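Novice: Need coordinates for the following:
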Amino acid sequence: MALSYEWTPEEQREYSLSKLFKYIKDYIYPYSPYYRKLFKDEGIDPDKLNSYDDFRRIPITTKEHTSADQKAFILQPKTEESAYDIEEIKTGKKLKYAWETLTTRYMRDLYGRPRSFKERVEQTALGEWNPIHYHMSGGTTGLPSMATYTNHDVKKVIPYLASMLYLFGWEPKMRGLNMFPGLPHLAFFQVVFAEMTVDRGISIFHTCGGKAIPTEKQVVIAGLLPFDMYIAIPSYMTYWLKTAASMIEMGVPKPAPVKYAVLAAEPLSNEYREKLKAQFEVIGSPDVKIIEGYGSTELRAAFFECGEQTGLHLNPEFYFWEVLDPETKEPVKWGEPGVLCFSHIDWRGTSLLRYWMGDLIQGGVTWEKCSNCGLTVPILRPPIGRAERDFTKIKGARVPHMNFQNAIRRVEGVESFQVIITKEDEEDVASRDRVIVYVSVAEGSDPEVVRAGITKQVKIDTEISPDEINVEQPEKVEQRLFERTGLKAEWVVDKRALHI
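Specialist: Residues are numbered from 1 along each chain as shown. As a prediction, the model looks like this:
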């Protein structure tokens, strides 16, 4: 039986938890080195998990846990080479592989050579357990995470999640321009998965990022081959649109009007949306719909809105969702702010339980029927920030990093920027905090007027006055934004030796 998106939230939650318990019993406890040891250490019997309170006995998993031994989170039956306490494949599963092999027509390999029944059964088993794809996070926290996928994941789970792109009106006959860098991370491969695994298919041109195909050439390509959707990181989309506007002024043909901009990997505030909308209008796309995406390497998938600002639609069949208080780790009521946690259901490869994402969902997560698409799902309501890293104390005031970003974006004439938080003496943690802003100014704007505007707006939004505002060339600011990660723009960088 599969979950129905017409069920009530209560029915969906009950189904999701029941399916999770079966998954823990049949796969996590026998074949996950980390959780098998954890359950034994904590005295947790997988056969006695019957309620959410029972489930909450399982300790939360954090990035520090997964980074200590990433192989221990990959589901793996015991073999002669195994270094972990895990079980061998059960007899029932071996019989299942034999039956599946008998019912397939593939008696020969791809080159026409005959294969023995034993070889074919082994291949069937490998389809469930053997990792066939790997990628990693961008490592912005300093601890890159690895995700592994088996053939089971790619064929039986990913298609359901990748097809969520169709929620906002995407159609197979449309074309998409994927601007994410061609690197081994989810942001790029989520689009590849959608292109290759969904039955109806998705037509995508992959630029593999500005280093593979320069931004200027991408703009030319967009003018030659009409695209209906752009897929990008918000900060790169800003740069791409600015480049396109400059080239259009020089006589380069305008790209065809684009219907959707699917943006992910960075927070997208209302101020940021409005700036992007204005940029799209300049290049001839005044009716573009900006669709926000959300994902992570640990999640192993991304989720999207079904329309502009409808909230991100989460999947309750292959994930069990929790929203917890950032301090107490206790569940909050649906719709209240909290930190998102998830547990995988029915995945192979890398599988996690109660993973603490560290993302503070300030709008909360509601579980209800969406008024736009009509589906009943958990709906994540932005804004989204890091529960720890995106908040800091400066000169005694607790300031969300997003407040800096929103304040500066409100100032007319600002093209791009970066905020640096440091100390007067970087070697002395007791010295005075300093806030330095690097900004590039739009053509025709007065730098002194922009400086005054930044000082005023930052003071209003954060109660902090910048100590220094430096006007730089756009190229220099762009270099600052991407010099550490190469993938996500770092709008606010805290360089202090000690976070107070």
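Novice: now the helices: where do they sit in the stretch 101-250 of the chain?
Specialist: 117-129, 151-156, 158-162, 186-197, 215-224, 234-249 (DSSP state H, counting those that start in this stretch).
Novice: Point out the most buried one among those helices.
Specialist: helix 186-197 (a mean of 22; mean count of other Cβ atoms under 10 Å). C-beta here means a position set from N, CA and C on the backbone, and glycine is covered the same way.
Novice: how about low-confidence regions in this structure?
Specialist: 1, 105-111, 138-143, 200-201, 386-393, 395-398, 427-431, 485-487, 497-500 (pLDDT under 70).
Novice: who's in contact with the spatially most central residue of it?
Specialist: Closest to where the C-alpha atoms of the chain average out (Cα atoms, centre = their mean) is residue 295, at 2.0 Å. Counting by Cβ atoms under 8 Å, 6 or more residues apart in numbering, residue 295 touches 186-187, 190, 264-265, 301-303.
Novice: before we move on, what about residue 348?
Specialist: Per Cβ under 8 Å, 6+ apart, neighbours of residue 348: 27, 75, 128-129, 149-150, 152-153.
Novice: Recalculate using a threshold of 7 Å.
Specialist: 75, 128-129, 150, 152-153 (Cβ atoms under 7 Å, 6 or more residues apart in numbering).
Novice: Once you drop chain neighbours, what's closest to it?
Specialist: The shortest distance from residue 348 to any non-neighbouring residue, by Cβ to Cβ, 6 or more residues apart in numbering, is to residue 150 (4.3 Å).
Novice: Could you give the bridge partners of residue 175?
Specialist: Legend: beta-bridge partners of residue 175 under DSSP bridges are residue 203.
Novice: correction: residue 440
Specialist: residue 416.
Novice: Just send the helices of the stretch 101-250 of the chain back as CSV, with distance to residue 341 too.
Specialist: What follows is the helices of the stretch 101-250 of the chain, written out as CSV (distance: least, Cβ to Cβ, whole Å):
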stretch, distance to residue 341
helix 117-129, 26
helix 151-156, 21
helix 158-162, 18
helix 186-197, 18
helix 215-224, 38
helix 234-249, 25
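Novice: Backbone dihedrals for the residue nearest to the centre of the chain, please?
Specialist: phi -160, psi 180 (degrees, to the nearest 10).
Novice: Now it: closest residue in space, sequence neighbours ignored.
Specialist: residue 302 (2.9 Å).
Novice: quick one on the thing from earlier: settle this for me: the residue nearest to residue 348 is touching residue 129, isn't it.
Specialist: Yes: using Cβ atoms under 7 Å, residue 150 is in contact with residue 129, at 6.1 Å.
Novice: Name the residues that touch the helix or strand hosting residue 419?
Specialist: Under the criterion DSSP states H and E, the helix or strand holding residue 419 is strand 414-423. Here strand 414-423 makes contact (Cβ under 7 Å, 6+ apart) with 392, 394, 404, 408, 431-442, 450, 474, 477-478, 480-481, 490-496.
Novice: what's the answer for stretch 472-484, then?
Specialist: With Cβ under 7 Å, 6+ apart, stretch 472-484 has contacts from 235, 239, 415-418, 438-440, 489-490.
Novice: will you turn those residues into CSV that also has distance to residue 45?
Specialist: Output for these, formatted as CSV (distance: Cβ to Cβ, whole Å):
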residue, distance to residue 45
235, 48
239, 54
415, 60
416, 55
417, 54
418, 52
438, 56
439, 59
440, 60
489, 47
490, 45
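Novice: Most widely separated two among those?
Specialist: Across the contacts of stretch 472-484, the longest distance by Cβ to Cβ is 16.9 Å; it joins 415 and 490.
Novice: what's the closest of the contacts of residue 295 to residue 48?
Specialist: residue 301 (30.2 Å).
Novice: I'd guessed the closest one sits against residue 161; true?
Specialist: Yes: the pair residue 301 and residue 161 passes the contact test of Cβ under 7 Å, sitting 4.3 Å apart.
Novice: Which strand residues bridge the residue lying farthest from the centre of the chain?
Specialist: Distance from the C-alpha centroid of the chain peaks at residue 114, with 43.3 Å (Cα atoms, centre = their mean). On the basis of DSSP bridges, residue 114 is bridged to residue 108.
Novice: hang on, the earlier thing: what's around the residue nearest to residue 348, how many residues?
Specialist: Neighbour count of residue 150, defined by other Cβ atoms under 10 Å: 23.
Novice: Next up, the contacts around residue 162.
Specialist: 193-194, 197-198.
Novice: how about those residues, which pair is most distant?
Specialist: Farthest pair in the contacts of residue 162, by Cβ to Cβ: 193 and 198, 8.2 Å.
Novice: which non-adjacent residue is nearest residue 75?
Specialist: Closest to residue 75 by Cβ to Cβ, 6+ apart is residue 31, at 4.4 Å.
Novice: what about that neighbour, distance to residue 25?
Specialist: 11 Å (Cβ to Cβ, to the nearest Å).
Novice: Settle it for me: which of those two has more neighbours?
Specialist: Set side by side, residue 31 and residue 25 show more neighbours around residue 31, with 23 against 14, by other Cβ under 10 Å.
Novice: and the helix or strand residue 93 falls within, what other elements does it pack with?
Specialist: Element membership for residue 93, per DSSP H and E: helix 91-102. Applying 3 or more Cβ pairs under 7 Å, 6 or more residues apart in numbering; DSSP states H and E, one finds that helix 91-102 makes contact with helix 117-129.
Novice: Could you measure from the closest residue to residue 228 other than its chain neighbours over to residue 332?
Specialist: Using Cβ to Cβ, 6+ apart and skipping residues adjacent in sequence, the residue nearest residue 228 is residue 174, 3.9 Å away. Distance of residue 174 to residue 332, computed by Cβ to Cβ: 39 Å.
Novice: cool, residue 270 as well?
Specialist: Residue 270 is 24 Å from residue 332, by Cβ to Cβ.
Novice: Have a look at the two and say which one is more surrounded.
Specialist: Taking other Cβ under 10 Å, residue 270 and residue 332 do not tie; residue 332 has more neighbours (18 against 12).
Novice: I figured the more buried one was touching residue 325, is that so?
Specialist: Yes: between residue 332 and residue 325 there is a contact under Cβ under 7 Å: 5.5 Å.
Novice: joint contacts of the two?
Specialist: Both residue 332 and residue 325 are contacted by residue 338, under the criterion Cβ under 7 Å, 6+ apart.
Novice: ok, and what's touching stretch 262-278?
Specialist: 187, 229, 231-235, 237-238, 261, 290-295, 302, 304, 383-385, 402, 405-406, 409-410, 488-489.
Novice: before we move on, back to that, what's the helix holding residue 93 in contact with?
Specialist: 117, 120-121, 124-125.
Novice: With stretch 314-333 instead?
Specialist: So stretch 314-333 is contacted by 2-3, 12, 16-17, 20, 60, 157, 160-161, 303, 338-347, 354, 360-361, 364-365, 377-378, 380, 387 (Cβ under 7 Å, 6+ apart).
Novice: returning to that earlier point: from residue 189, how far out is the residue nearest to residue 348?
Specialist: Distance from residue 150 to residue 189, by Cβ to Cβ: 15 Å.
Novice: and if you look at residue 84?
Specialist: Residue 84 is 27 Å from residue 189, by Cβ to Cβ.
Novice: Can you say which of the contacts of strand 414-423 are buried?
Specialist: 392, 394, 404, 408, 433-441, 450, 474, 477-478, 480-481, 490-494, 496 (16 or more other Cβ atoms under 10 Å).
Novice: residues in contact with residue 344?
Specialist: 319, 351-352.
Novice: ok, of the residues you listed, which come out buried?
Specialist: 319, 351-352.
Novice: which of those lies closest to residue 7?
Specialist: Out of the buried ones among the contacts of residue 344, the member with the shortest distance to residue 7 (by Cβ to Cβ) is residue 319, at 15.9 Å.
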